[in-house]
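Asker: attaching a predicted model along with its sequence, questions to come.
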Amino acid sequence: MSPDSLLTRTRKGNEEISERRHHLAPVLRHALILVEGTARMGDLLAKGERVPNFEASLQALLEQGYVEIAGSAKGRLVELANRLLGKNAGKVVAKLEESADSTESLKAAVESATKLIRLTIDEGKAAEFSASAKDILG
């Protein structure tokens, strides 16, 4: 993660804070509490310098879906398409960028893009894109 990355809690992270629903280990919960959505990664690391393994805890929270790097879902979908499809991403990226920013619109764009990938590129890539896009959109 870049020092300029802004970490925010996901719905799962907020559930853990308010309800202790996921029974996080104390060190991970402490790190999660410090993620308020207003501090950049560099500032968070300074804030948590006395917390043992703080950076590793933040990484674990990211990997487990308690926090995410802030940014629009559409931007993350476009980044996914470019990374996964490389030079073949053009039409898929266009579909995503034409979509409105609402979750419903993005889900419809992902479904359409998945069909396009399946028909024009590869079934495996389509499945991978679809699964990763669902993770992004929740």
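Answerer: Yes, it's here.
Asker: which residues sit in contact with the closest residue to residue 28 other than its chain neighbours?
Answerer: Setting aside the residues directly before and after it, residue 28 is nearest to residue 57 in space (CB to CB, 6 or more residues apart in numbering), at 5.4 Å. (Each C-beta comes from the backbone N, C-alpha and C, glycine too.) Residue 57 makes contact with 27, 28, 30, 31, 51, according to CB atoms under 8 Å, 6 or more residues apart in numbering.
Asker: ok, the closest residue to residue 65 other than its chain neighbours - how many residues close by?
Answerer: Sequence neighbours aside, residue 12 is the residue nearest to residue 65 in space, at 5.2 Å (criterion: CB to CB, 6+ apart). For residue 12, the count of nearby residues is 17 (other CB atoms under 10 Å).
Asker: need the phi and psi values for residue 12.
Answerer: phi -60, psi -40 (degrees, to the nearest 10).
Asker: who does the lowest-mean-pLDDT helix or strand in the chain pair up with?
Answerer: Every helix and strand in the chain was compared by mean pLDDT, DSSP states H and E; the lowest is strand 67-69, with a mean of 81. Next to strand 67-69 in the sheet, as set by DSSP bridges, lie strand 7-9 (antiparallel).
Asker: centre of the chain to the strand it pairs with, how far?
Answerer: 10 Å (CA atoms, centre = their mean, to the nearest Å).
Asker: re the thing from before, and the helix or strand just after the least confident helix or strand of the chain, what's buried?
Answerer: The first helix or strand that comes after strand 67-69 along the chain, using DSSP states H and E, is helix 73-85. Within helix 73-85, the residues that qualify as buried are 73, 74, 76, 77, 78, 80, 81, 84, 85, counting by 16 or more other CB atoms under 10 Å.
Asker: now stretch 109-127
Answerer: Buried residues in stretch 109-127, counted by 16+ other CB under 10 Å: 109, 110, 113, 114, 116, 117, 118, 121, 125, 126.
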